[in-house]
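# kindly generate the corresponding structure for this input.
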Amino acid sequence: VARVTTALDGRSRDPPPGFLPPEFPDEAVRYEMSPLPDAMMDTTVFVGNLDDFVTDEDLSSVFSDVAGLTSVPAAVMRRGNYDSLGFGFVSFASPTEAEEAITQFHGQELHGRRMVVEPIRTDEPRQRVPEALVRYTLG
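Numbering: from 1, shown residues only. This next block holds a predicted model:
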């Protein structure tokens, strides 16, 4: 029988009789966060004020014109229950493309809301982004 750790006191205890842990569907994948690597600092932009229904694909599609590609790595930040946090990140191949994206899209509308497109902040603590975005971008 597996032991359960409570979030309140951190101690392990035996589960109550008949307890079965919930099963999560395979598609229920949560974003694991990691600090943005140095290699991505100049090529990744912050995109804020996003509508709740903007997807990673929507963000990628909008910003892909800057790169001249069919898609670019993009991630909308979400809570564990998949509710949007209203911001995301888009990564480009070069700092020039990232700067062009900021110039071209800051203040533009996406799904009825004006986007805030800015460079990644460089102060501490280091900006955290989805691990999947880092793995996709850096390989």
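# quick one: the helices in the protein?
56-67, 95-105, 131-138 (DSSP state H).
# tell me which of these sits most buried.
helix 56-67 (a mean of 19; mean count of other C-beta atoms under 10 Å). Every C-beta, even on glycine, is put in place using the N, C-alpha and C of the backbone.
# what's in contact with it?
47, 50, 70-76, 88, 90, 92-93, 97, 100-101, 104-105, 110-111 (C-beta atoms under 8 Å, 6 or more residues apart in numbering).
# if we can go back for a sec, nearest to residue 36, out of the helices of the chain?
helix 131-138 (7.4 Å; C-beta to C-beta).
# state the mean pLDDT of that closest one.
What helix 131-138 shows for mean pLDDT is 83.
# and the angle from it to helix 56-67?
Angle, helix 131-138 to helix 56-67, by axes from the mean of the first three to the mean of the last three C-alpha atoms, to 10 degrees: 30 degrees.
# in the protein, where's the longest strand?
Ordering each strand of the chain by length in residues (DSSP state E) puts strand 84-91 first.
# what residues does that strand touch?
40, 43-54, 56, 59-60, 63, 72-79, 101, 120, 129-130, 133, 137.
# what of stretch 46-53?
For stretch 46-53, contacts defined as C-beta under 8 Å, 6+ apart pick out 59, 63, 76, 83-84, 86-90, 105, 110-121, 127.
# wait, residue 32 sits on residue 129?
No - assessed by C-beta atoms under 8 Å, residue 32 is found out of contact with residue 129, at 10.3 Å.
# between the two, which is the more surrounded one?
The neighbour count for residue 32 versus residue 129, taken as other C-beta atoms under 10 Å, is higher for residue 129 (24 against 10).
# one step back: ok, of the contacts of stretch 46-53, which come out buried?
Neighbour counting by 16 or more other C-beta atoms under 10 Å classes 59, 63, 76, 84, 86, 88-90, 105, 110, 115, 117, 120, 127 among these as buried.
# and which of those is nearest to residue 36?
Of these, the one sitting nearest to residue 36 (C-beta to C-beta) turns out to be residue 127, at 4.7 Å.
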